[in-house]
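Visitor: sequence below, structure please.
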Amino acid sequence: MVEQQASIGVHRRARFGQTREGTTEMKQRISIHESLREGWRIYRQQPVLLISGWVLAVLAGYAVQFLVPSYDPTLQSLAITAAAAPFYAGLQVVALRLLRQEQADFFDLFTGFLRWGWVVLAALMVTVLVAIAGVLLVVPGLILLIAFLYVPILVAEGSLSPTSALGASWRVTFGNKVPLFVLAAVFYAIPIVALVAYAVSLLSAVGAGGPAEVSQEVLIATYVYSGLQVLFLGPLSSASFMAAYDQLTRPIETEGSH
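Guide: Below is the predicted model of the structure:
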């Protein structure tokens, strides 16, 4: 059966990281360059839509901060995750549709609410698992963070349960965790460079103007970083990670293809 299907020449990975029944599973490496290029392409095409998704997620998190007591940081963190998760899921759905040149609009950003309970439960499960692994050792925490990167879209649009989505996301990212980590590092490098530049300017301010000047510098830096994250880094990183997902779930040609 497998040999007969292999002779066809073209296999397609199942939509959510599995191969069709009876085919031989194949792995492919993602291209970081292609992920960044495609992410930038849809960001340029639909900046308002992608930024809107990120803004909705951020605003949901800020709203929870006012509602949940700050004296319990753990509870507040879980509440923020639960509030923002549906919007992050919707943002992944929109980015993937744009990458595949499908129709996407503002209302698609709320796709995560169609399966709100499962999306929130999945997000909380990922948060707890990553936190536990991170407490034990930093590296396992990072591995799980990358491995479960695509849980939101698998639950929101893939009609999977949270536990099934965890397994599916692990399979999708299997063998590609290092490239995905490098892709994440690209977006973390920009804030790090900005932080170093800010630290240098802060030291200059300490010598020149004292505490008042330092406070002003901190305030300006906070606004600049927040704006950069919401308007550029956040939406672009989401688009680029979904471009990597699109590579991992696209048709794969075998040696017998024509």
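Visitor: name the residues that touch stretch 222-236?
Guide: With contacts defined as Cβ atoms under 8 Å, 6 or more residues apart in numbering, stretch 222-236 is touched by 39-40, 43, 47, 50-51, 53-55, 58, 91, 187, 190-191, 194. Heads up, the C-betas are built off the backbone N, CA and C, glycines and all.
Visitor: please disregard the earlier target; I meant stretch 68-78.
Guide: 64-65, 79-80, 124, 127.
Visitor: just the helices from the protein, written as ranges.
Guide: In the chain, the helices defined using DSSP state H lie at 2-6, 32-45, 47-67, 73-99, 116-136, 138-147, 151-156, 162-173, 177-208, 210-228, 234-248.
Visitor: Phe110 reaches Tyr88, doesn't it?
Guide: No. Using Cβ atoms under 8 Å, Phe110 makes no contact with Tyr88, being 11.9 Å away.
Visitor: who has more neighbours out of those two?
Guide: Neighbour tally, Phe110 and Tyr88, criterion other Cβ atoms under 10 Å: the higher count belongs to Tyr88, 24 against 16.
Visitor: for that one, what are its contacts?
Guide: Counting by Cβ under 8 Å, 6+ apart, Tyr88 has contacts 53, 57, 112, 123, 152, 238.
Visitor: what pLDDT does it get?
Guide: Per-residue pLDDT puts Tyr88 at 95.
Visitor: repeat that for Leu195.
Guide: Leu195 is given a pLDDT of 66.
Visitor: what do you get for Phe148?
Guide: 95.
Visitor: ok, the closest residue to it other than its chain neighbours - contacts?
Guide: Once flanking residues are discounted, Phe148 sits nearest to Val126: 4.6 Å by Cβ to Cβ, 6 or more residues apart in numbering. Shown in contact with Val126 (Cβ under 8 Å, 6+ apart): 144, 148, 151, 166.
Visitor: Phe181: which of those residues is nearest?
Guide: Leu144 (11.9 Å; Cβ to Cβ).
Visitor: any idea how far Val58 is from Gln229?
Guide: According to Cβ to Cβ, to the nearest Å, Val58 stands 8 Å off from Gln229.
Visitor: tally of neighbours for Glu135?
Guide: Residue 135: Val, not Glu. Applying other Cβ under 10 Å, we find 10 residues neighbouring Val135.
Visitor: quick one, what contacts it?
Guide: Shown in contact with Val135 (Cβ under 8 Å, 6+ apart): Gly141.
Visitor: begin at 53 from here
Guide: Right, with 53 as the first residue, what we last looked at is Val187.
Visitor: gap between it and Thr215?
Guide: 22 Å.
Visitor: again with Leu148
Guide: Using Cβ to Cβ, Leu148 is found at 22 Å from Thr215.
Visitor: who has more neighbours out of the two?
Guide: When neighbours are counted by other Cβ under 10 Å, Leu148 comes out ahead of the other of Leu148 and Thr215, with 21 against 11.
Visitor: gap between the closest residue in space to the more buried one that isn't next to it in sequence and Leu102?
Guide: Nearest non-adjacent residue to Leu148, counting by Cβ to Cβ, 6+ apart: Met294, 4.9 Å away. Separation of Met294 from Leu102 (Cβ to Cβ) stands at 10 Å.
Visitor: now do the shared contacts for these two.
Guide: Common neighbours of Met294 and Leu102, using Cβ under 8 Å, 6+ apart, are Ala147.
Visitor: could you tell me how many residues sit around Val172?
Guide: For Val172, the number of neighbouring residues by other Cβ under 10 Å comes to 22.
Visitor: grab the nearest non-local neighbour of it.
Guide: Sequence neighbours aside, Ala134 is the residue nearest to Val172 in space, at 4.6 Å (criterion: Cβ to Cβ, 6+ apart).
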